[in-house]
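Peer 1: got a predicted model here, sequence first, then my questions.
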Amino acid sequence: MPDADLSIVDEVEAAINAGSAEKRLDTIKRVTDLFMASAGRFNAEQIELFDDVLERLVKTIEIRAIADVSARIALAEASVRLAPIAQAPPSVVRRLARNDEITVARPVLTESARLSDEDLVEIADTKGEQHLLAVAGRWWLKEVVTDALLARRYPSVSRRIVNNPGARVSAAGFAIVVAQAESDPELAIETGVRVDLPPELRHRLLRHATEEVRSRLLSRAPPHLFEEIRSAIAAVSAGANREMSRGHDFAAARRLVALLKDKGELNETALFEFAKARKYEETVAALAELSQSTIEVVRPLMQSLRDDGVLVPCKAAGLGWETVHAVLESRFATGSMGPRELAVARVQFAKLTTENAWRLLRFWQVKSSTS
């Protein structure tokens, strides 16, 4: 072993045995400096030596780093400096990557080529959201790694993977993302424009997407995906359009609602059950009766692309928000409104007074009877 190598070992032994925290912090900086100065020229044996002595230093400093800011800073600085080095000591890099302090782990998790797929999967299985986010941002990820990351189902991690062009995602991984995208419009859009999204999952995503998300997705579609996405939207729309896309016979619904009224069973609960089951004709007829209006007034409101008109008979009928939500959703054969659309509708419903709702309904009834 060369004298220079022996001197490094002796210096580390002295720093560890001295028991001085300051000496250890100074030594890890000096040894890292020495390695960085000639990293590209070291042979395997020399890299192994640095790996051994640096790992021993890191191990002693980690204990102190729990309560000592300067120790955490020293480890984080070592992580930053070693992360981009292809010949970095592998055991040291793995130890830094497993550190619970994210400022220490993030640099090597994000960049170090010394971490194998097995190392990254272990991190994905055992560490928290911030560590997973760091891994998800790496410039290149294999499916085995993204599968492990996505299995933890952190929305933030899913978004980062979907937005990472170097992250390969399996069909199983995309299935997790598509399920999350049902309640996350931004994730739905970013996922929908991924070239590697399997066609059947693109159809599933679009089938459950709101009309707003479909429109935004089409506007974001790259040229090579535009036709595929447009065709997919057309296909799912055939089975997920508003109920106004077909004719309706309200005769049976009128008779059922009249029977329920005669028996004293026509109430908000009955309307809620109709709406939850997406029984469109029964929902319209029951809402018209409970709001003391007519099907001729309520039906156009249910068919409108706007949500605010439906809120008027709902307010006049004195409905609670859960029932109003169900009524709004019943306008679709399948699918649902997005969270943002629902939030806006809820605010509008809260602001609408019963008096104004009755006034609007009377006006619409007069207008309907004279037209």
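Peer 2: Happy to help now that I have it. Every value quoted in this text rests on a predicted model; they were computed, and no experiment measured them.

Peer 1: name the element Ile47 belongs to?
Peer 2: Using DSSP states H and E, Ile47 maps to helix 44-65.

Peer 1: Gly309 too?
Peer 2: Per DSSP H and E: helix 308-316 holds Gly309.

Peer 1: report the mean confidence score over that helix.
Peer 2: The average of the pLDDT scores along helix 308-316 is 92.

Peer 1: tell me what the very next helix or strand once past that helix is packed against?
Peer 2: Next helix or strand after helix 308-316 toward the C-terminus (DSSP H and E): helix 321-329. Packing partners of helix 321-329 (3 or more Cβ pairs under 8 Å, 6 or more residues apart in numbering; DSSP states H and E): helix 268-276, helix 308-316, helix 339-351. Yep, even glycine has a C-beta here, placed from its N, CA and C like the rest.

Peer 1: run the last query once more with 10 Å
Peer 2: helix 268-276, helix 280-290, helix 295-303, helix 308-316, helix 339-351 (3 or more Cβ pairs under 10 Å, 6 or more residues apart in numbering; DSSP states H and E).

Peer 1: ok, residues contacting it?
Peer 2: Here helix 321-329 makes contact (Cβ atoms under 10 Å, 6 or more residues apart in numbering) with 268-269, 271-278, 283-284, 286-287, 290, 298, 302, 307, 310-311, 313-315, 317, 319, 335-337, 341-342, 345-346, 349-350.

Peer 1: quick check: angle from the helix holding Gly309 to helix 268-276?
Peer 2: Here the directions of helix 308-316 and helix 268-276 differ by 160 degrees (axes from the mean of the first three to the mean of the last three Cα atoms, to 10 degrees).

Peer 1: for helix 308-316, list the C-alpha coordinates in CSV.
Peer 2: Output of helix 308-316 as CSV, limited to C-alpha atoms (Å, rounded to 0.1, in the frame of the first residue of the first chain):
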residue,chain,number,x,y,z
ASP,A,308,-75.9,27.0,-11.9
GLY,A,309,-79.4,26.6,-13.3
VAL,A,310,-79.9,23.2,-11.7
LEU,A,311,-79.1,24.7,-8.3
VAL,A,312,-82.3,26.9,-8.4
PRO,A,313,-84.9,24.1,-8.1
CYS,A,314,-82.6,22.3,-5.7
LYS,A,315,-82.5,25.4,-3.4
ALA,A,316,-86.3,25.9,-3.8
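
Peer 1: tell me the buried residues in that helix?
Peer 2: Gly309, Val310, Leu311, Val312, Pro313, Cys314, Lys315, Ala316 (16 or more other Cβ atoms under 10 Å).

Peer 1: contacting residues around the last one?
Peer 2: Spelled out, that is Ala316. 287, 290-293, 352, 354-362.
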